[in-house]
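Trainee: The sequence and its predicted three-dimensional model are supplied below.
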Amino acid sequence: MTTNSITILMDNRAEPPFQAEHGFSLWIEYDGCHILFDTGQTNGFMENAARLGIDVTQADYIILSHGHYDHTGGLPHVLPLAKQAVVVCHPGVFVDRYSIREGETKYIGMPPESRRMLRELDEKRLRFVTMPTALSAKIFLTGYVPRKTDYEDTGGPFYLTPDGASPDPLDDDLTLWLSTDRGIILLAGCSHAGIINQCYFVRKQEKSEKFRILVGGYHLMNADEKRLNQTINALRELAPEQVVACHCTGEEATTRLQHELGAMMALGAVGRRFLI
């Protein structure tokens, strides 16, 4: 197994022998740490990991980027086996959440079994993060990401109540970043805070202008023309070496990013590995 790397364990895109689902999961090995970042919907990420020769039960940390089912559903499959892992998340992951599309309400929060296991976890193995936090000398979590841009939103019709009376600000959406000699590597679950907001906030914390790789879902599937244009312009200004679009970015937005960003843009898919 290659060390100092990021591997996509679950994504909406995969080629045989791997399986795909509407979910996201990464495996990170860096700075002496083994990190599972999100757990997809099911145990599919574990089956993909086994095919890649990765033992996710050796995780030092399990990070939940936010409390949606497609990022936390696999937790009951790995948590009992990863006995040394500390789960790190925002306390808001427990909030009930709903989407309402075309008059149909759907519960999209953390599944009951994942929630139960997390609440019953030994307090020494559960760590809540609300502000920038170091997991090691080179690995960091943002906690809450301030919303500064005027064109980014949570990316969907998300609510805290099934009647749609209370919009969900998704304050629990957090970002992981790695500090490297060649620049910042930013890892996002769904970018409900906005991928540009995430980049600006991390850049301010890191006190570095250089981004190396951005990996994750950007939740642009519902983005209007203004948001897409301004996101693309901001990404050009940020000038990362590589933008890896995964999960909830959306097919139309992904095609547009490929066209506009050229060689900077890469498609995420299960099994793809990025050396740090």
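Mentor: Yes, it's here.
Trainee: Quick one: the strands in the stretch 1-150 of the chain, in order.
Mentor: 5-10, 25-30, 33-37, 61-63, 86-89, 98-101, 104-107, 126-128, 133-134, 139-141 (DSSP state E, counting those that start in this stretch).
Trainee: Parallel or antiparallel, which strands does the second one pair with?
Mentor: Right, the one you point to is strand 25-30. strand 5-10 (antiparallel), strand 33-37 (antiparallel) (DSSP bridges).
Trainee: residues touching residue 19, list them.
Mentor: Residues in contact with residue 19 (CB atoms under 8 Å, 6 or more residues apart in numbering) are 44, 47-48, 270. From N, CA and C alone the C-beta is placed, and that goes for glycine too.
Trainee: Same list, the residues you listed, but as a markdown table with pLDDT, distance to residue 85 and neighbour count please.
Mentor: Shown next, in a markdown table, are the contacts of residue 19 (pLDDT from 0 to 100; distance: CB to CB, whole Å; neighbours: other CB atoms under 10 Å):
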| residue | pLDDT | distance to residue 85 | neighbour count |
| --- | --- | --- | --- |
| 44 | 98 | 19 | 23 |
| 47 | 98 | 19 | 16 |
| 48 | 98 | 18 | 27 |
| 270 | 98 | 21 | 27 |
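Trainee: since we're on residue 261, how many residues are nearby?
Mentor: Neighbourhood size, residue 261 [other CB atoms under 10 Å]: 17.
Trainee: Correction: the previous question concerned residue 239.
Mentor: That count, for residue 239 with other CB under 10 Å as the rule, works out to 11.
Trainee: list the contacts for it?
Mentor: By CB under 8 Å, 6+ apart, the neighbours of residue 239 are 211, 264.
Trainee: ok, back up a step: what's the most buried one of the strands paired with strand 25-30?
Mentor: strand 5-10 (a mean of 24; mean count of other CB atoms under 10 Å).
Trainee: Need the residues that contact that strand.
Mentor: Residues contacting strand 5-10 (CB under 8 Å, 6+ apart): 20-21, 23-30, 36, 38-40, 44-46, 48-49, 52, 54, 56, 74, 185, 187, 213, 215, 246, 268-276.
Trainee: From those, list the buried ones, please.
Mentor: 20-21, 23-30, 36, 38-40, 44-46, 48-49, 52, 54, 56, 74, 185, 187, 213, 215, 246, 268-272, 274, 276 (16 or more other CB atoms under 10 Å).
Trainee: Model confidence for residue 77, exactly?
Mentor: Confidence at residue 77, expressed as pLDDT, is 97.
Trainee: Can you get me a residue count around the closest residue to it other than its chain neighbours?
Mentor: Distances taken as CB to CB, 6 or more residues apart in numbering put residue 43 closest to residue 77, at 3.9 Å, once the chain neighbours are dropped. Residue 43 has 16 neighbours, counted by other CB under 10 Å.
Trainee: Any regions of this protein where pLDDT drops low?
Mentor: 1-2 (pLDDT under 70).
Trainee: Which residues does the nearest residue to residue 157 once chain neighbours are set aside form beta bridges with?
Mentor: Nearest non-adjacent residue to residue 157, counting by CB to CB, 6+ apart: residue 100, 5.2 Å away. When bridges are called by DSSP bridges, residue 100 pairs up with residue 105.
Trainee: What separation do you get for residue 100 and residue 165?
Mentor: Here the distance between residue 100 and residue 165 works out to 11 Å (CB to CB, to the nearest Å).
Trainee: Looking at those two, which one has more neighbours?
Mentor: Applying other CB under 10 Å to residue 100 and residue 165 shows that residue 100 carries more neighbours, namely 16 against 8.
Trainee: right, and the more buried one touches residue 159 too?
Mentor: Yes: using CB atoms under 8 Å, residue 100 makes contact with residue 159 at a distance of 6.1 Å.
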